[in-house]
Every structure is written in structure tokens, then in C-alpha cells.
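**Student:** below are the sequence and a predicted model for it; my questions follow.
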Amino acid sequence: SGLITEAVRRSSPIKVVGLCNGPISMRKYVAHLMGLPAKDLYIRTIGLNHLNWADQILGQGENLLSQVIQTISCHPELIDTGYFPFAPDLLQSLQLLPCAYLQYYYNREEKLDELKKATKTRGEEVAELDRRLLLKYADSNLEEKPKELEARGGIWYSEAAIELISSIVNDKGDIHTLNVVNNGAILDLPEDAVVEIPCLVRREAVYPLSVGRLPLAVRGLVQAVKSYEQLTIEAALEGSYSKALQALLAHPLVPSFGLAKQVLDAFLGAQKDYLRQFG
């Protein structure tokens, strides 16, 4: 969402903000965990889309972050839920609550082993789910939400989108976590970079709220992934093989030049009908 938002802003005059279901999902999961109404919690997440951490969880007049981390740490069964898949020692060390996608960085070896053992890639699974869902949606008599949606992902996206639209149309001045141009909100990233942070939403504009400096423990990772995103956008817009290669080299999950070139060549070969700008 963040990468696409930045690409649209760079290549068109369209007014756009990006939206992900990650922040609303974290709020609902934490609320359930702590036995509190979700509407009474404010969670400040900092970073990028699919690469962010909660550094404030405000509720009952105090910051509950340490309590949430302690609660998760005392319940190892939560690690297997898929939403808090992190070792208690990691959470205690960071004193931040990572979004679930950070398991690909913090649990890299375990996730790689899991993916290698899978009979299908996630893309293949989603393609099959979409095929089955579209068949069901073709039935005009369908009145129940298909079970396939539970495996498809994107839970609470509709709620997040409707809340945001309502805030804009009705000029509510409330706060949503969105993908927007940084404009100095995160001091460690370029002004024109798109980041995922809390924003004040008004009818005339969306205003990112300053979060200052990123914690040193996560700063380098965020900067590396943002470099990857911006190089990817430049490569796509310019049809530049060189920048596409640079993008992969910048990404923390790509360990070598040889592998980066192998992945890029295979990808461009497989998608040549859709990426004609690369010639």
C-alpha cells in the first residue's frame, strides 16, 4: 500500500492516501487481549506499510505498551496465533510491538523453512481462493459471507475504509493510521517518502502527526526498506534494469548480488509481457 501510494504520487497529480488493515487489526487484537473496547484504545504505529511498530498504546489514561508486552510474554500460546509470532525476549528487548509482517525479518530462518516446505506459494493459494470467491459472488442469491474470506486476508479493511471516508466527508478531525507523504513527520526518512503513521484527517487534507526520530533498534531496517521501495518505483517508472537491481541489493532479505541478479532476471523473464518498459 505504501509503495503504490508513493508511486501514484510521483507519477500523477491524483490526491491519494494509502490504507492498510494492519493498524485496525492490531487495535482490535490488543483490545481483545486486554479486555478493553477497541474504541477506547489509541495505538501509535511508526514506520512503513507492513514494516511498523507500536510505540504507544494509550488506554485508561495511561500508556499500556509494557502491560501488553508483559501479557503476551506470559501467554506463549499467543505466539502461534499468527498475530503475535514473536519470542517474548524479543518483545521485552525492543519494548515495541511489531506488526505481524516483521516475522519475515525477526524469524527469517523459521519462515524460510516453512515456505520451502509448503506445497503452494501464497500467491498460488490466493489465486485459488479468488477463483472460488468470484464463483460464489456470481450467485445473485448469495446472502452470507463466504468462508474463503477468512483465509484470503484483509479482515476489517471495509471498516477501516468506511471510517476514513466518513472522516473526510464529514470533516471529523479524528486520527487514522495512513500511508502519506512524510513531510518531516519521521526525521530519519526523506521528506517526500511515503510512511505509515497516525494522521489528522480533515476534509481539505490529511496531516501526518510528527513522531520524531525512530528508535535506533529499528531505524536502519526502516531506512533500508524505504530505499528498496524508492528504487523499485524509479526502476518501474524509468524501465531501469540497473535501478531494479539496486532495489533488490538494498533489501535486507536479499543476501548477495548473485542472488539479486538471479531473482531479477527470472522475474523479468516471467513477467515480460507486463513489464515492456524493461525492453
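**Tutor:** Arrived safely, thanks for sending. These figures come from a predicted structure and were not determined experimentally.

**Student:** nearest residue to the residue positioned nearest the centre of the chain other than its sequence neighbours?
**Tutor:** With distances taken as CA atoms, centre = their mean, the residue of the chain nearest its centroid is residue 50 (2.1 Å). Of all residues not flanking residue 50 in the chain, residue 101 sits nearest, at 4.2 Å (CB to CB, 6 or more residues apart in numbering). Every residue, glycine included, has its C-beta placed from N, CA and C.

**Student:** residue contacts, the one you found?
**Tutor:** 22, 50, 51 (CB atoms under 8 Å, 6 or more residues apart in numbering).

**Student:** and residue 104, what element?
**Tutor:** Per DSSP states H and E: residue 104 is located in helix 103-106.

**Student:** pull out the buried residues from the next helix-or-strand element following that helix.
**Tutor:** For helix 103-106, the succeeding helix or strand toward the C-terminus, using DSSP H and E, is helix 108-117. Judged by neighbour count (16 or more other CB atoms under 10 Å), helix 108-117 contains no buried residues.

**Student:** pLDDT on helix 108-117, on average?
**Tutor:** Throughout helix 108-117, pLDDT has a mean value of 94.

**Student:** for the stretch 101-250 of the chain, give me the ranges with low pLDDT.
**Tutor:** Of all residues in the stretch 101-250 of the chain, none has pLDDT under 70.

**Student:** all strands of it, in order?
**Tutor:** All strands of the stretch 101-250 of the chain, identified by DSSP state E, counting those that start in this stretch, fall at 175-181, 194-201, 206-208.

**Student:** now what about the shortest one, what contacts it?
**Tutor:** Strand 206-208 is contacted from outside by 17, 168, 178, 180-183, 185, 195, 197-201, using CB under 8 Å, 6+ apart.

**Student:** note down every partner strand of it and its orientation.
**Tutor:** strand 194-201 (antiparallel) (DSSP bridges).

**Student:** now what about the strand it pairs with, what contacts it?
**Tutor:** Strand 194-201 is contacted from outside by 1-3, 5-6, 9, 17-18, 20, 23, 44-49, 52, 164, 167-168, 172-182, 185-186, 189, 206-209, 211, 226, using CB under 8 Å, 6+ apart.

**Student:** tilt between that strand and strand 175-181?
**Tutor:** Counting by axes from the mean of the first three to the mean of the last three CA atoms, to 10 degrees, strand 194-201 lies at 140 degrees to strand 175-181.

**Student:** quick one: buried residues of strand 194-201?
**Tutor:** Going by 16+ other CB under 10 Å, strand 194-201 has these buried residues: 194, 195, 196, 197, 198, 199, 201.

**Student:** what about the helices in this structure?
**Tutor:** Under the criterion DSSP state H, the chain contains helices at 2-11, 22-34, 65-73, 88-94, 103-106, 108-117, 122-137, 148-152, 157-169, 216-238, 241-250, 257-270.

**Student:** mind listing what's buried along the first one?
**Tutor:** Right, helix 2-11. Within helix 2-11, the residues scored as buried using 16+ other CB under 10 Å are 2, 3, 5, 6, 7, 8, 9.
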